[in-house]
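Student: here is a sequence with its predicted model. Questions after.
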Amino acid sequence: MIEQEANFDGLVGPTHNYAGLSWGNVASNRHAKSMSHPREAALQGLSKMKALADMGLVQGVLAPQARPDTDTLRRLGFAGTDAQVLDSAFREAPHLLAACSSASAMWTANAATVSPGADTLDGRVHFTPANLVNKFHRSIEHEVTGRILRSVFADEAHFCHHQALPAHDDFGDEGAANHTRLHNEQGHGLELFVYGRRAHQPGAPAPRRFPARQTLEASRAVARLHGLSECKTAFIQQNPAVIDQGVFHNDVIAVGNGNVLFYHQQAFLDTQGMQAEVRRKLPDTELHFIEVKNDEVPVADAVKSYLFNTQLVTLKPGHMALIAPTECAGTPSVNAYLERLLAMNTPIREVRFMDVKQSMQNGGGPACLRLRVAMNQAQLNAVNPACLMNDRLYGRLTDWVQRHYRDRLHPNDLRDPALLEESRAALDELTQILELGSVYPFQR
Ligand SMILES: NCCC[C@H](NC(=O)CCC(=O)O)C(=O)O
């Protein structure tokens, strides 16, 4: 049975702020300590979800995390009441308070790696939450992420959930941001796992300036867990030189969908090898490798505009749309390229621009905000229906954001105990709207 793709977007949490936590992510560093707008951020995300649902695509919602994470602050030695924990963390280690308060779980492309049942040995959809060990603020996400995924995809006859990989740099795993699935019209798929370095091979190519967050060892472990045979997988190294230019995940430099792989000339260490392997493992498929030359769009423009952090979605057979951030229209080389792209004879037939600026300023474009889950009809029927976007849910969530979110937030505001109370009240209500049960530590 042919799979249908659903996109599960992360709802932006009430503590969305710019703390400059992600070394190697240019936008995060550039906007450090600037004023954020949590309400606007959440509404921008909801508008994108609504727009994709209105295109006839299956759109889901994943709940944010409870932040500030006072449990982790307590593990780090801050004691007393919640207000005292926040206050002492702010005075002694504001960086830790910011890390424990980040709304970074909004970027659900990093929530997990998902393999559809068409690829796995047991025919179930497999999920492995990403350990995100490279960044402390993200390494504290996976436990609750796993709980949320289990509550959205609960039926064990259809869904199989694994634990995050062991929390060590050798197994640095960033989830679906380094994973793309191509498939042909018969539904035969190939999962591309893109890694930044090999942990167990000293001297192998690796970036020098910025960290490679994903290791080959992590990608291989996820493929083993998911029961993916060799013929359903390709392990491809990202070009270390682009990681050093701010491409901290492969989805900043490449995006794939169906029979199309859209990528920058410098994305991979061995582009020809990649193409040959994909052709070999997806025979009888009319593949489109759409390669953007550096002369047309320099890497710096790709990083600034997030041309490749677009969502490539199939609207009807042979007709795909590129869901692009408005920054693409505002970057001359990219805007000109997109005009040429639409005149080429490829399945990409239209571009739709979306404003997700609040997320972009922390290095998250349209593709970072979504986790793709391809499912057959029986699996789709088993998804928690309260998490699927429609006009009613959009109305309820918009109203919920309007009532609970602040207009403005600065990292200095994270010490405010009222923010913690507001966030908990908001999330408590959200778990009822999305029928998630008690997924947060403060509810247990
Ligand atoms: N896939 C996009 C992820 C963006 C995310 N940014 C952040 O966490 C920035 C948070 C801050 O700096 O406040 C990251 O780098 O993992």
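Tutor: Noted; the coordinates are in hand. Treat the numbers as computed from the prediction; the structure is a model and nothing was measured.
Student: and the residue nearest the centre of the protein?
Tutor: The geometric centre of the chain, computed from its C-alpha atoms, lies nearest to residue 109 (CA atoms, centre = their mean), at 1.6 Å.
Student: that one against residue 370, yeah?
Tutor: Yes. Contact criterion CB atoms under 8 Å: residue 109 and residue 370 qualify, at 6.3 Å. The way it works is simple: take the backbone N, C-alpha and C, and place the C-beta from them, glycine included.
Student: the ligand contacts on the protein?
Tutor: Contact residues, the chain versus the ligand (CB under 6 Å from any ligand atom): 18-22, 25, 28, 102, 104, 107, 109-110, 135, 138, 177, 249, 362-364, 368.
Student: rerun at 5 Å
Tutor: By the rule CB under 5 Å from any ligand atom, the part of the chain lying against the ligand is 19, 20, 21, 22, 25, 28, 104, 107, 362, 363, 364, 368.
Student: in this structure, where is pLDDT below threshold?
Tutor: Low-confidence segments of the chain, defined by pLDDT under 70, span residues 1.
Student: centroid-wise, who is the farthest residue in it?
Tutor: Furthest out from the centre of the chain (CA atoms, centre = their mean) sits residue 80, at 35.0 Å.
Student: wait, what's in contact with residue 143?
Tutor: Applying CB atoms under 8 Å, 6 or more residues apart in numbering to residue 143 gives the contacts 129, 164.
Student: buried ones in the helix or strand where it lies?
Tutor: Residue 143 is part of helix 142-152 when elements are defined by DSSP states H and E. Of all the residues in helix 142-152, those buried under the rule 16 or more other CB atoms under 10 Å are 142, 144, 145, 146, 147, 148, 149, 150, 151, 152.
Student: next one: stretch 431-444 to chain centre, how far?
Tutor: Centroid displacement of stretch 431-444 relative to its chain, using CA atoms, centre = their mean, to the nearest Å, is 22 Å.
Student: do the same with stretch 23-30
Tutor: 16 Å.
Student: which of the residues in that stretch are buried?
Tutor: 24, 25, 26, 27, 28, 29.
Student: give me the nearest residue to the second one, chain neighbours excluded.
Tutor: This means residue 25. residue 363 (4.0 Å; CB to CB, 6 or more residues apart in numbering).
Student: tell me how many other residues crowd the one you found.
Tutor: 25 (other CB atoms under 10 Å).
Student: what of the one 10 residues further on?
Tutor: Under the neighbour criterion other CB under 10 Å, residue 373 is assigned a count of 27.
Student: so it, which of the three states?
Tutor: Classification of residue 373 by DSSP: H, G, I helix; E, B strand; the rest coil places it in strand.
Student: got the contact list for it?
Tutor: 5, 6, 7, 8, 60, 114, 116, 125, 153.
Student: one more: residue 79?
Tutor: Applying CB under 8 Å, 6+ apart, the residues near residue 79 are 85, 88.
Student: what about it, helix or strand, and which?
Tutor: Per DSSP H and E, there is no helix or strand for residue 79.
Student: need phi/psi at it.
Tutor: Main-chain torsions, residue 79, degrees, to the nearest 10: phi -130, psi 170.
Student: isn't the residue nearest to residue 25 right up against residue 26?
Tutor: Yes. If you go by CB under 8 Å, residue 363 and residue 26 touch, sitting 7.0 Å apart.
Student: which part of the stretch 301-444 of the chain gets nearest to the ligand, residue-wise?
Tutor: The minimum distance from the stretch 301-444 of the chain to the ligand, using CB to the nearest ligand atom, falls at residue 368 (3.4 Å).
Student: what about that residue, distance to residue 306?
Tutor: Going from residue 368 to residue 306 by CB to CB, to the nearest Å gives 8 Å.
Student: same thing with residue 328?
Tutor: For residue 328, the distance to residue 306 - CB to CB - is 7 Å.
Student: cool, residue 73 as well?
Tutor: 32 Å.
Student: over to residue 56?
Tutor: On the measure of CB to CB, residue 56 and residue 306 end up 25 Å apart.
Student: these two: which is more packed in?
Tutor: residue 306 (27 against 10).
Student: show me what contacts that one?
Tutor: So residue 306 contacts 252, 324, 325, 327, 328, 360, 365, 366, 367 (CB under 8 Å, 6+ apart).
Student: how about 6 Å then?
Tutor: For residue 306, the contact set (CB atoms under 6 Å, 6 or more residues apart in numbering) comprises 325, 365.
Student: hmm, back to that, what is the burial count for the nearest residue to the residue nearest to the centre of the chain once chain neighbours are set aside?
Tutor: Computed as CB to CB, 6+ apart, the closest residue to residue 109 that is not its neighbour in sequence is residue 177, at 4.4 Å. Residue 177 is flanked by 26 other residues according to other CB under 10 Å.
Student: these two touch, right, residue 177 and residue 254?
Tutor: No. Assessed by CB atoms under 6 Å, residue 177 is found out of contact with residue 254, at 10.6 Å.
Student: tell me the buried residues in stretch 73-80?
Tutor: By 16+ other CB under 10 Å, the buried positions in stretch 73-80 come out as 73, 78.
Student: quickly list what residue 115 is bridged to.
Tutor: Here residue 115 sits in beta bridges with residue 126, going by DSSP bridges.
Student: tell me how many other residues crowd it.
Tutor: Around residue 115 there are 28 residues (other CB under 10 Å).
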